[in-house]
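> here are the coordinates; sequence isn't available:
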């Protein structure tokens with residue numbers, strides 16, 4: 001409904017009073033439809049089950065989780081790599097870009113609550129209309145004459161403002177804001193993944209270098225054994241079979257080196273990729289072997305009540321549930337009429353010289369009402385869809401929390417098991433060293449065959465490589481536990 005703008009002062013006063021009454025009615029009677037969001041309570045135990053086992057050097061404790069947990073490994077190189085990864089990783093930059101996109105989307109939604117004002121101007125040249133004549137005749141119809149060409153001018157503006165009586169725009173902004181929070185949480189999850197992948201690849205690199213050193217050590221022993229058998233064969237104390245077995249053992253051990261070197265290069269390239277750098281960039285820095293980063297004596301796991309605040313995936317699932325709840329309100333608002341205040345002003349002069357002629361003005365102002373009467377069930381089905389999506393989001397939240405609980409419990413169980421295995425392997429390695437030395441001494445003295453030397457040599461190599469893998473497993477499980485606890489993303493600058 002559009003009404004001409006009154007010209008008298010009294011009419012203007014009545015119009016102002018009417019607009020004020022409409023605004024007061026909106027302020028007093030406007031309501032926000034749809035359910036209000038209530039943050040769900042994460043179903044978690046009161047305290048973690050630490051699964052403490054005898055024979056473990058590092059024990060979990062219920063102390064607060066360290067934000068910069070990687071520093072507990074005491075490796076400055078690892079600290080440097082992680083900081084560089086957070087600053088330069090491309091996945092983190094993509095996630096940051098998505099956060100900025102979500103903020104822009106939220107601003108776009110918020111703009112819907114603001115009045116709009118559009119200006120327009122036009123100049124139209126109209127051609128002459130033809131003279132009306134009788135059919136098959138040159139006789140002109142009486143009273144109907146053509147007009148000459150004319151130039152039409154128009155300029156002005158139109159304004160409109162939709163009143164948010166039912167909170168539709170408010171719910172839409174609430175949903176967009178929640179999705180922005182979800183984008184932030186997703187960025188934190190990406191940062192956490194980059195942190196743990198960098199730490200895990202670094203541990204695996206140092207483990208590969210330690211395995212390479214162990215293989216090289218046993219390889220040196222195999223060369224000595226081959227030299228010994230050749231000397232004994234020349235002296236008639238050993239057979240050609242023993243020499244061939246020693247050479248075969250040497251070749252088998254030496255064949256492991258190319259694979260380890262390849263693995264070392266791939267791990268350095270994997271770290272370079274996490275840092276957003278070209279292949280081979282870290283080779284000079286990481287080529288020199290270093291010990292596997294050891295775990296701390298105490299592993300703080302914090303309180304279960306803090307998990308929902310730390311774990312980015314739980315924060316993201318909660319935000320998406322919030323957005324789904326707000327979307328119900330957006331859909332339900334479509335059941336109600338929408339009311340807009342509209343107005344327009346234009347000048348329509350008859351010539352260029354009279355562009356500012358006040359007598360050529362046109363005005364229009366008034367409210368407009370849009371009432372949904374029949375929509376074929378579209379609005380009802382949309383509300384049903386939004387409610388089903390909210391139920392799905394609630395289930396996904398529950399699943400995310402339960403999955404986090406399982407990850408932490410599994411990591412705590414594994415943390416004790418890998419340490420017990422490492423303790424056993426330490427004793428096994430000591431026994432294999434003693435067995436190899438005894439077999440070699442007996443062989444030199446002629447009291448044992450070379451087969452005894454080969455078997456103990458292989459056992460020594462297996463025990464050494466198994467212990468290296470076990471040391472790495474302890475550190476890798478610690479990293480997995482830190483990831484499950486959800487800490488570390490706080491060090492990244494805000495997007």
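Nice, thanks for sending it over. Bear in mind that the values here come from a model prediction, so they are computed numbers and not experimental data.
> the helices in this structure, which residues?
According to DSSP state H, the chain carries its helices in the segments 9-29, 76-88, 90-111, 168-234, 240-254, 256-274, 283-286, 307-310, 312-333, 378-444, 450-485.
> to residue 300, which of these lies closest?
Closest of those to residue 300 is helix 450-485, at 8.8 Å (criterion: C-beta to C-beta). Bear in mind the C-beta positions are built from the backbone N, C-alpha and C, glycine included.
> mind listing what's buried in that closest one?
450, 452-454, 456-461, 463-485 (16 or more other C-beta atoms under 10 Å).
> what angle do helix 256-274 and that helix make with each other?
10 degrees (axes from the mean of the first three to the mean of the last three C-alpha atoms, to 10 degrees).
> chain center to helix 450-485: distance?
Relative to the centre of its chain, helix 450-485 is centred 34 Å away, using C-alpha atoms, centre = their mean, to the nearest Å.
> so which elements touch that helix?
Helices and strands touching helix 450-485, by 3 or more C-beta pairs under 8 Å, 6 or more residues apart in numbering; DSSP states H and E, are helix 168-234, helix 240-254, helix 378-444.
> give me the below-cutoff pLDDT ranges for the stretch 51-200 of the chain.
126-148 (pLDDT under 70).
> ditto for the stretch 301-450 of the chain
Residues of the stretch 301-450 of the chain that meet the criterion pLDDT under 70 lie in 350-360.
> mind listing what residue 232 touches?
Neighbouring residues of residue 232 by C-beta atoms under 8 Å, 6 or more residues apart in numbering: 238, 242.
> so what pLDDT did it get?
At residue 232, the model reports a pLDDT of 89.
> quick one: it from residue 87, how far?
For residue 232, the distance to residue 87 (C-beta to C-beta, to the nearest Å) stands at 61 Å.
> what do you get for residue 118?
From residue 118 to residue 87 the distance is 45 Å (C-beta to C-beta).
> pairing partners for residue 343 in the sheet, please.
With DSSP bridges as the criterion, residue 343 is bridged to residue 159, residue 365.
> so it sits against residue 365, correct?
Yes: under the criterion of C-beta atoms under 8 Å, residue 343 lies in contact with residue 365, with a separation of 3.9 Å.
> between residue 118 and residue 87, which is the more surrounded one?
Using other C-beta atoms under 10 Å, the more surrounded residue of residue 118 and residue 87 is residue 87, with 13 against 10.
> before we move on, back to that, mind putting the helices and strands packed on helix 450-485 in CSV, distance to residue 304 included?
Below are the helices and strands packed on helix 450-485 laid out as CSV (distance: least, C-beta to C-beta, whole Å):
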stretch, distance to residue 304
helix 168-234, 18
helix 240-254, 49
helix 378-444, 8
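> deepest of these, which one?
helix 168-234 (a mean of 21; mean count of other C-beta atoms under 10 Å).
> now the angle from that one to helix 312-333?
Relative orientation of helix 168-234 and helix 312-333, computed by the same axes, to 10 degrees: 150 degrees.
> coming back round to it: can I get the helices of the chain in TSV with distance to residue 494?
As requested, those are arranged in TSV below (distance: least, C-beta to C-beta, whole Å):
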stretch	distance to residue 494
helix 9-29	36
helix 76-88	13
helix 90-111	9
helix 168-234	9
helix 240-254	53
helix 256-274	21
helix 283-286	29
helix 307-310	17
helix 312-333	14
helix 378-444	24
helix 450-485	22
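> among the ones you listed, which is nearest residue 55?
Set against residue 55 and scored by C-beta to C-beta, the helices of the chain come closest in helix 378-444, at 5.0 Å.
> and that closest one, what does it pack onto?
On a contact count with 3+ C-beta pairs under 8 Å, 6+ apart, helix 378-444 meets helix 168-234, helix 307-310, helix 312-333, helix 450-485.
> 6 Å instead?
Secondary-structure packing of helix 378-444 (3 or more C-beta pairs under 6 Å, 6 or more residues apart in numbering; DSSP states H and E): helix 312-333, helix 450-485.
> what sits against the residue nearest in space to the middle of the chain?
By C-alpha atoms, centre = their mean, the chain has its centre lying nearest to residue 186, at 3.0 Å. Listed by C-beta atoms under 6 Å, 6 or more residues apart in numbering, the contact set of residue 186 reads 95, 316.
> go again with 7 Å.
Residue 186 is in contact with 95, 98, 316, counting by C-beta atoms under 7 Å, 6 or more residues apart in numbering.
> list just the nearest of those to residue 268.
Using C-beta to C-beta, residue 95 is the member of the contacts of residue 186 that lies nearest residue 268, at 24.9 Å.
> so how far is residue 159 from that closest one?
Distance, residue 95 to residue 159, using C-beta to C-beta: 40 Å.
> neighbour-wise, which of the two wins?
Neighbour totals were compared for residue 95 and residue 159, and residue 95 leads with 23 against 15 (other C-beta under 10 Å).
> wait, the more buried one sits on residue 188?
No: here residue 95 lies out of contact with residue 188, judged by C-beta atoms under 7 Å, at a distance of 8.5 Å.
> what's the spacing between the residue nearest to the centre of the chain and residue 324?
Using C-beta to C-beta, we find residue 186 at a distance of 16 Å from residue 324.
> what pLDDT does the residue lying closest to residue 247 once chain neighbours are set aside get?
In this structure, residue 247 finds its nearest non-sequential neighbour in residue 226, 5.8 Å apart by C-beta to C-beta, 6 or more residues apart in numbering. Here the pLDDT value assigned to residue 226 is 93.
> wait, what's in contact with residue 226?
Going by C-beta under 7 Å, 6+ apart, residue 226 touches 246-247, 250.
> tell me the one of those residues nearest residue 348?
Nearest to residue 348 among those, counting by C-beta to C-beta, is residue 250 at 101.8 Å.
> in stretch 301-311, which residues are buried?
Residues of stretch 301-311 classed as buried: 301-302, 304, 307-308, 310-311 (neighbour count, 16+ other C-beta under 10 Å).
> is it possible to export those residues to a markdown table including distance to residue 76?
Shown next, in a markdown table, are those (distance: C-beta to C-beta, whole Å):
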| residue | distance to residue 76 |
| --- | --- |
| 301 | 25 |
| 302 | 26 |
| 304 | 33 |
| 307 | 30 |
| 308 | 33 |
| 310 | 26 |
| 311 | 28 |
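> how about these, which pair is most distant?
301 and 308 (15.0 Å).
> of the helices and strands packed on helix 450-485, which is nearest residue 149?
That would be helix 168-234 among the helices and strands packed on helix 450-485, by C-beta to C-beta, at 47.8 Å.
> ok so, going back, mind giving me a markdown table with the helices and strands packed on helix 378-444 and columns for distance to residue 192?
Listed next are those as a markdown table, based on distance: least, C-beta to C-beta, whole Å:
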| stretch | distance to residue 192 |
| --- | --- |
| helix 312-333 | 6 |
| helix 450-485 | 6 |
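> residue 411 is nearest to which of the ones you listed?
helix 450-485 (3.9 Å).
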